[in-house]
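> sequence plus the predicted model coming up.
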Amino acid sequence: MPLAESSLERLGTSLPDGVIIGARGDHYFLHPETKNDPKHKAFVEKFRAKTNSYPIYPVYHMVAALEGLVAGYNAAIKKNPGQWPTTDQVAESMHGLELRGLTRSVKIREDGQGLEDQLLGVTKKTPRISLSTF
């Protein structure tokens, strides 16, 4: 199931063991490398408290986009001391940047396209996950 990360919570136990799941990027609230990262963990806890659901890829992409915008402005401001950068200067300054939202890093290519890893996994039924065990 490509891009099924966004459906896992809704599908719950109806999804059998052994299904290969893809995600749009490497965004998952139980990401094996970042689930215990303080920034990621705090974000998931706040998101869950506010929405009663776990964040899925559009949420993670928005965080990465905002981090990218901040990094782009910081780079453009550094190249343009004393002057607020134009939109084109910010866009140009983003080329070649590498930034991290909440999971693995995103690399902005010279053509402005972002590259990120994709998380893949295989479903396995386990006892219900709660934030206390997260």
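It's in. Numbering: from 1, shown residues only.

> you'd agree Y60 is up against H31?
No - using CB atoms under 8 Å, Y60 makes no contact with H31, being 9.3 Å away. All C-beta atoms are positioned from the backbone trio N, CA, C, and that covers glycine.

> compare the two (neighbour count), which wins?
Neighbours were counted for Y60 and for H31 using other CB atoms under 10 Å; Y60 has more, 25 against 19.

> quick one: contacts for the more buried one?
By CB atoms under 8 Å, 6 or more residues apart in numbering, Y60 lies in contact with G25, H27, G101, L102, T103.

> which element, helix or strand, includes it?
helix 57-79 (DSSP states H and E).

> returning to what we had before: hmm, which two among the contacts of Y60 are most spread apart?
The widest separation within these, taken as CB to CB, falls between G25 and L102 and amounts to 10.5 Å.

> show me where this structure has helices.
Taking DSSP state H to define them, one finds helices in the chain at 8-11, 38-51, 57-79, 87-94.

> for those helices, which one sits closest to V19?
For these, the distance to V19 is smallest for helix 8-11, at 9.3 Å, taking CB to CB.

> before we move on, back to that, what sits in contact with each of Y60 and H31?
What both Y60 and H31 touch, as defined by CB under 8 Å, 6+ apart, is the set T103.

> quick one on the thing from earlier: turn the helices of the chain into JSON lines, including distance to K124 and mean pLDDT.
Converted to JSON lines, those look like this (distance: least, CB to CB, whole Å; pLDDT from 0 to 100):
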{"stretch": "helix 8-11", "distance to K124": "12", "mean pLDDT": "74"}
{"stretch": "helix 38-51", "distance to K124": "20", "mean pLDDT": "96"}
{"stretch": "helix 57-79", "distance to K124": "21", "mean pLDDT": "94"}
{"stretch": "helix 87-94", "distance to K124": "39", "mean pLDDT": "95"}
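
> same list (these) but as JSON lines, adding distance to L120.
Below are the helices of the chain laid out as JSON lines (distance: least, CB to CB, whole Å):
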{"stretch": "helix 8-11", "distance to L120": "13"}
{"stretch": "helix 38-51", "distance to L120": "19"}
{"stretch": "helix 57-79", "distance to L120": "14"}
{"stretch": "helix 87-94", "distance to L120": "28"}
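
> so what pLDDT did the residue lying closest to A4 once chain neighbours are set aside get?
Leaving out its chain neighbours, the residue that sits closest to A4 by CB to CB, 6 or more residues apart in numbering is I21, at 4.7 Å. At I21, the model reports a pLDDT of 83.
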